[in-house]
Structures are given as structure tokens and as C-alpha cells.
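In: Pasting a predicted model and its sequence here:
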Amino acid sequence: MAIRNIREIGDPVLNKVSKEIKEVDKRILTLIEDMLDTMYEANGVGLAAPQVGILKRLVVIDVSEEGNEPIILINPEILETDGEQTGDEGCLSVPGKVGTVTRPNYVKVKAYNEKMEEFIVEGTELLARALCHEIDHLNGELYVDKAEGELRSSLITEEVDS
């Protein structure tokens, strides 16, 4: 569809709480396609609507092997977390930087798909990290606020880049 501009740290839209999606219409379906195209073009594993300037509770994530379907989450809500993992995290809205962030190692999330059907997704490790990171975006939070110590250059990193 279309590649959208990714908003970067300092843009006020990244610090605002997103609004719930009440219905999925053609505009939301187009936004989902555009967000997937934008995420893949930027080599990210996740993207939240605020990162493309839209204050809607919508997230796309793809941490899978090639050929698997991406996860589309409308109005996601974390139901349960467990354990702990600490590792480097990056963000398409904070280009060229990574920081050490502690997140749950297991996350259970309730969300809706493009047909507004409720579903549950459970993830560990990278998926758990991506779910938490992207849902934070919907609440106006960036990983830099949770990073332990200084951000570092991400010239060589294979961690979450959403």
C-alpha cells in the first residue's frame, strides 16, 4: 500500500494516549496495511499507530520466521505477565540507539483482530518484549523512559527494533 513517515522521539504525538477503535472501517484496514509495509520497509518487528502519527489503539508485530502471518492487535490489553528478562531494546522512533530494558518474560494479551473478533495472544522472550514495547506506545510511553543507564549506538544489534 503505502510507506508512512515514522515519527521520531521529540514528536508530541508519541507522548499521547491513543484512543480505542470502535469499528474497523476501510480507513483502519488501509492503516493496518500501511503500518505493515512501513514496519517491513524499516526492518522493524513491531509498529504502533502513534509511530505513524495516528492516535488509535492499533499495533502490528512480526517476530516470526519468514512466511508466518504478522499479529494485528486492535485495542490490546495486557492481562497477565510473569518472569523477567533484561536486554537491549531499540525503536524505529528512536533511530540509531538502543538501551537496556527489563520487561516481563511472559505476557498474555487480549485484543481484537481486523474483524473485531476478540482473541488472546501469549508470548515469551522477544514476542513478550515486543508486545509490551508496542502497547507502551499506545499509552504515550517510550522505552527510553524505562532504559537502565545511557542509550548506546545501535550500529550492530539484533534485538527488538520496533
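Out: Okay, I see it. Computed from a predicted model, the values in this text were never measured in an experiment. Numbers count the residues shown, from 1 in each chain.

In: Pull out the buried residues from stretch 120-129.
Out: 123, 126, 127, 128, 129 (16 or more other Cβ atoms under 10 Å). Every residue, glycine included, has its C-beta placed from N, CA and C.

In: Mind checking the pLDDT average for the helix or strand that contains residue 135?
Out: In this structure, residue 135 sits in helix 125-138 according to DSSP states H and E. Average pLDDT, helix 125-138: 97.

In: ok, so of the buried residues of stretch 120-129, who is nearest residue 18?
Out: Ranked by distance to residue 18 (Cβ to Cβ), the buried residues of stretch 120-129 are led by residue 129 at 19.8 Å.

In: Tell me if I'm right that that closest one and residue 89 touch.
Out: Yes: in this structure, residue 129 is within contact of residue 89 by Cβ atoms under 8 Å, at 6.7 Å.

In: Got phi/psi on the closest residue to residue 81 other than its chain neighbours?
Out: Nearest non-adjacent residue to residue 81, counting by Cβ to Cβ, 6 or more residues apart in numbering: residue 104, 3.6 Å away. The phi/psi pair for residue 104 (degrees, to the nearest 10) reads phi -60, psi 150.

In: Show me what residue 112 bridges to in the sheet.
Out: With DSSP bridges as the criterion, residue 112 is bridged to residue 74, residue 118.

In: Can you classify residue 97 by secondary structure?
Out: Of the three states, residue 97 takes strand under DSSP: H, G, I helix; E, B strand; the rest coil.

In: In contact with it, which residues?
Out: Residue 97 sits next to 90, 91, 144, 151, 152, 153, 154 when contact means Cβ atoms under 8 Å, 6 or more residues apart in numbering.

In: now the chain, which segments are flagged as low pLDDT?
Out: 1, 66-67, 156-162 (pLDDT under 70).

In: ok, which stretches of it are helices?
Out: Along the chain, counting by DSSP state H, helices occupy 26-41, 125-138.

In: which residue is nearest the centroid of the protein?
Out: Relative to the mean C-alpha position of the chain, the nearest C-alpha, by Cα atoms, centre = their mean, is the one of residue 134, at 2.6 Å.
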